[in-house]
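Engineer: Below are the sequence and a predicted model for it; my questions follow.
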Amino acid sequence: MTTVWERTSSALASLGVPYAASKLQIGSGDYPDLFMVYFSLPSTPEQFADDKETLRSYTMQVNIFSRDGLINLPDVDGVMMAAGFTKRNVIEIPLDIETGHYGLGTEFLYSESED
């Protein structure tokens, strides 16, 4: 069974943009012009049967950072939705003065049966 983290990683890999879980580790300290970071927000059980959890929802947030602004970004929505996620909240991340990156965070919901 594919985990929600594997599902997210596989979807983002198809974009050909540098990405990482939780934090992009840069040896030289110079971030690429375009990169993505994803992480899990608290997950919640959705359904129970016979005192057992049968359905759980996971929310993965994908942040994309670009020095060129927030226009013409890779199709994160498309690859995540094709991987079975539902698009949720979107938030603009303030410009990082140190690196010069603009950011956009999008939450994606995935429900998984616990059978």
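Structural biologist: Good, I have the coordinates. In this text, all values refer to a predicted model and were calculated from it rather than measured experimentally.
Engineer: Quick check: chain neighbours aside, which residue is closest to residue 38?
Structural biologist: Spatial nearest neighbour of residue 38, excluding adjacent residues (CB to CB, 6 or more residues apart in numbering): residue 62 at 4.6 Å. C-beta coordinates here come from the backbone N, C-alpha and C atoms, glycine included.
Engineer: Please disregard the earlier target; I meant residue 66.
Structural biologist: In space, residue 66 is closest to residue 34, 4.9 Å off (CB to CB, 6+ apart).
Engineer: What is the helix or strand harbouring the residue nearest to residue 38 packed up against?
Structural biologist: Using DSSP states H and E, residue 62 sits in strand 52-66. Helices and strands touching strand 52-66, by 3 or more CB pairs under 8 Å, 6 or more residues apart in numbering; DSSP states H and E, are helix 4-13, strand 34-49, helix 76-82, strand 86-96, strand 101-113.
Engineer: Tell me how far residue 106 lies from residue 87.
Structural biologist: 7 Å (CB to CB, to the nearest Å).
Engineer: what touches both of those two?
Structural biologist: 77, 80 (CB atoms under 8 Å, 6 or more residues apart in numbering).
Engineer: Could I get the pLDDT score of the residue nearest to residue 38?
Structural biologist: Here, the pLDDT recorded for residue 62 equals 97.
Engineer: hmm, back to that, of residue 106 and residue 87, which one has the most company?
Structural biologist: residue 106 (19 against 14; other CB atoms under 10 Å).
Engineer: need the helix or strand of this protein with the lowest average pLDDT.
Structural biologist: strand 34-49 (a mean of 87; mean pLDDT, DSSP states H and E).
Engineer: Show me the contact partners of it.
Structural biologist: Applying CB under 8 Å, 6+ apart, the contact partners of strand 34-49 are 4-5, 8-9, 12, 15, 17-24, 53-68, 73-74, 76, 107, 111.
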